[in-house]
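A.B. asks: Got a predicted structure here, sequence first:
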Amino acid sequence: MDPQAFIRLSIGYLGLRAKSSTHTLTPPCVCEIRLRGFPIQKMQIPIIPSSETNPDYHSIASSFYLQESDLKSLLTPKCFYASTACLEIAIFSGRKSTHCGVGVKRQQIGTFKLDVSPEWCEGKSIVLFEGWSGISKNRGQTGIGVDFHLRVKLEPDPRYVFRFEDETKLSPQIVQLQGSTKQPIFSCKFSGDRGSEGDPLISTFRSNSSNGSHTDAERRERKGWKVKIHDLSGSAIAAAFITTPFVPSTGCDWVSKSNPGAWLIVHPDPYRPHSWQPWGKLEAWRQRSGTAREDSIFLRFHLLSDGNKELLMSEVSINAEKGGEFLIDTDRPAEEGAEAPVGSTEVVGFVMSFRMRGGGKCSEPVVQLAVKHVTCVEDAAIFMALAAAVDLSVEACRPFRRGVRKGNRHCW
C-alpha cells in the first residue's frame, strides 16, 4: 500500500503573561486560530503568573492537516485576500456578556501572525516558531504589555486513503486512492437480516441488554446488522455488528444518550481458528435540537485492551442532516460537552478520519489512516469495519416516527 503525503501543522505550548505588574490579564484568555480555507479553531490560553514559570511544553492546542493541494492554494494569491496567506492567532481576554440588553464583546488584546512560505512544501519536520512574542492588535506594532508563548511546528504525516465505492448498505467494494488512481483492496458485505443472529459471530458476543418480548416494541428496534470486511481472496479479516439494539427511549421516538445503541468491532483470533477477538466498541445516539436539521449524532469509540479494558479514543458529534467527520486524534481538544480522549501509550496523535454525508444522502465515505498505525492490510481492514459501523450508525439513529405521549417530550 502506497501512502499519500500530508503535512501536520501543530500549534502548542501556549501561554500568556503580562510584561509588568501595571498590566493585568482578565481571565479567561482565549484564542481563535485561523488558516485560510480551514474552520476556525478556538481554545483557552493559560495565564503564566511570572517570568519564572514556564508554559506546558507537552500540550498541543491545535492541529491542521494539509494536503499538497491545500499548500498550493495557500501559496496562490487570491482575490479579496492578502497576497500572502498566514497563520493568524487572535487573542481575547474576559467573557462575553450583556449590559442593558446589549451584547458586550470580549476584549481583543493582540494578534500573532506567521506567513505561509515555500518551506511549508518541503515535506520536512521543522519548527517554524518557538518562544515568546510581544503581541498587538495591528501588524507591525510592537507588543504592548502582553507576551504570548507558542510553538508552531510542521511535520510529515503520511496517510493511507480509502473510499467506499457505494453506500455501506449496498456491500460496496473499497478502494485505495493514490493520486488519480484507485486500487481495489477490500470488499464490504452488509447484512441486516435478523435471522443472521444465528451466526456464530453474533451469538458469541450477544448483549444481555436487550431482553424485550415479541411485541410491537420488538418491531421498533434496529438490530441484527453486521458488516464483514473481506480481502481480495474473499477471506473475512474484520467485522462489526450491533450488540445493543438501537431502540427509542421511553417517551421518545429516537435513540437517546441514556440508552445508546452499540457495535462491537472484531478481528480474527490468531490462536483460535473460526473465532473472533474484540478490538473496539462504538456507541451512538441522537441529540435532538429545535429542528431535525439541527439534530446531532454523537459517536463514542472505546479501544478494548487486554482484559477488555475500555480506553476512550474519541467522542464526536456530526450533523444528522449535513453529515460530518468522525475523528480519532488524541491531540485534538474534546468538543464542548464531550469527554476528552484517554488514549494509550501506543495510540497518540492522529489515527483516523472518516468523512460522510448525512440525511440519508447517497454517500461514498472516505477514510484516512495514519501510516504509523497501520503495519499490515489487516490493520487497515479493522478501521474499515469501524468506518462502516460509524456510517450505519447515522442510519440506525434515525427517528422512529412515532408520536410522543403528551407531558413526556424529553429524553436525556
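C.D. replies: That came through, no problem. Every value quoted in this text rests on a predicted model; they were computed, and no experiment measured them.

A.B. asks: Okay, the residue nearest to the spatial centre of the chain and Met313: tell me how far apart.
C.D. replies: By Cα atoms, centre = their mean, the chain has its centre lying nearest to Leu327, at 2.2 Å. Distance, Leu327 to Met313, by Cβ to Cβ, to the nearest Å: 10 Å. For every residue, glycine as well, the C-beta is placed using N, CA and C.

A.B. asks: Sticking with Tyr65, tell me its helix or strand.
C.D. replies: Per DSSP states H and E: Tyr65 is located in strand 60-67.

A.B. asks: Run me through the strand neighbours of that strand, direction for each.
C.D. replies: strand 6-18 (antiparallel) (DSSP bridges).

A.B. asks: Output the contacting helices and strands for the helix or strand just after the partner strand.
C.D. replies: Sequence-wise, the next helix or strand downstream of strand 6-18 (DSSP H and E) is strand 29-35. Other helices and strands packing on strand 29-35, by 3 or more Cβ pairs under 8 Å, 6 or more residues apart in numbering; DSSP states H and E, are strand 6-18, strand 41-45, strand 60-67, strand 86-93.

A.B. asks: Relative to Leu170, which of those is closest?
C.D. replies: strand 60-67 (28.3 Å; Cβ to Cβ).

A.B. asks: And the strands in the stretch 101-250 of the chain?
C.D. replies: Here the stretch 101-250 of the chain has its strands, by DSSP state E, counting those that start in this stretch, at 102-104, 107-115, 126-134, 146-156, 159-164, 173-178, 181-191, 226-230, 236-244.

A.B. asks: Put together a markdown table for these, with mean neighbour count and mean pLDDT on each row.
C.D. replies: Converted to a markdown table, those look like this (neighbours: other Cβ atoms under 10 Å; pLDDT from 0 to 100):
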| stretch | mean neighbour count | mean pLDDT |
| --- | --- | --- |
| strand 102-104 | 9 | 54 |
| strand 107-115 | 18 | 92 |
| strand 126-134 | 14 | 95 |
| strand 146-156 | 19 | 95 |
| strand 159-164 | 21 | 96 |
| strand 173-178 | 18 | 95 |
| strand 181-191 | 16 | 95 |
| strand 226-230 | 24 | 97 |
| strand 236-244 | 24 | 97 |
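
A.B. asks: Out of those strands, flag the one nearest Leu75.
C.D. replies: strand 107-115 (10.2 Å).

A.B. asks: For the closest one, C-alpha coordinates in CSV please.
C.D. replies: The C-alpha trace of strand 107-115 is given here as CSV (Å, rounded to 0.1, in the frame of the first residue of the first chain):
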residue,chain,number,x,y,z
GLN,A,107,-11.5,42.5,24.6
GLN,A,108,-9.0,41.6,21.8
ILE,A,109,-5.6,42.1,23.3
GLY,A,110,-3.5,41.2,20.3
THR,A,111,-2.7,39.1,17.2
PHE,A,112,0.1,36.8,16.2
LYS,A,113,0.7,36.2,12.5
LEU,A,114,3.1,33.8,10.7
ASP,A,115,3.3,33.9,6.9
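
A.B. asks: got a list of contacts for that strand?
C.D. replies: 25-26, 29, 84-94, 128-129, 133, 135-139, 143, 145-146, 148, 150, 152 (Cβ atoms under 8 Å, 6 or more residues apart in numbering).

A.B. asks: and Cys188, what does it touch?
C.D. replies: Phe164, Thr168, Ser171, Pro172, Gln173, Ile174, Val227, Lys228, Ile229, His230, Met384, Ala388.

A.B. asks: Ok, Leu304 next?
C.D. replies: Pro278, Trp279, Gly280, Lys281, Glu310, Leu311.

A.B. asks: same thing with Pro118?
C.D. replies: Pro118 neighbours (Cβ under 8 Å, 6+ apart): Leu75.

A.B. asks: next one: Leu66
C.D. replies: Phe6, Ile7, Arg8, Leu9, Leu74, Trp120.

A.B. asks: Thought Ile328 was touching Leu311, still the case?
C.D. replies: No - with contact defined as Cβ atoms under 8 Å, Leu311 does not reach Ile328; the gap is 11.2 Å.

A.B. asks: The two - which one has more neighbours?
C.D. replies: Ile328 (25 against 16; other Cβ atoms under 10 Å).

A.B. asks: Can you tell me the SS state at the closest residue to the more buried one other than its chain neighbours?
C.D. replies: Nearest residue to Ile328, sequence neighbours excluded (Cβ to Cβ, 6 or more residues apart in numbering): Val351, at 4.0 Å. Three-state call for Val351 (DSSP: H, G, I helix; E, B strand; the rest coil): strand.

A.B. asks: how far away is Val351 from Met1?
C.D. replies: 16 Å.

A.B. asks: Next: Pro49.
C.D. replies: Pro49 is 50 Å from Met1, by Cβ to Cβ.

A.B. asks: So those two - more neighbours on which side?
C.D. replies: Between Pro49 and Met1, Met1 has the larger neighbour count (other Cβ under 10 Å), namely 14 against 10.

A.B. asks: what about the chain, any weak spots by pLDDT?
C.D. replies: 21-22, 79-83, 96-105, 137-144, 193-219, 290-293, 307-308, 334-347, 359-362, 401-412 (pLDDT under 70).

A.B. asks: list the contacts for the residue nearest to Leu114 when sequence neighbours are not counted?
C.D. replies: Ranked by Cβ to Cβ, 6+ apart and with sequence neighbours excluded, the top spatial neighbour of Leu114 is Leu87, at 4.5 Å. Leu87 makes contacts with Leu9, Ile11, Ile33, Arg34, Leu35, Lys113, Leu114, Val116, Val152, as judged by Cβ under 8 Å, 6+ apart.

A.B. asks: beta partners of Leu87?
C.D. replies: Under the criterion used (DSSP bridges), Leu87 bridges to Leu35, Leu114.

A.B. asks: what about the longest helix in the chain?
C.D. replies: helix 377-396 (DSSP state H).

A.B. asks: and the gap between Ser63 and Asp329?
C.D. replies: Counting by Cβ to Cβ - Ser63 and Asp329 are separated by 7 Å.
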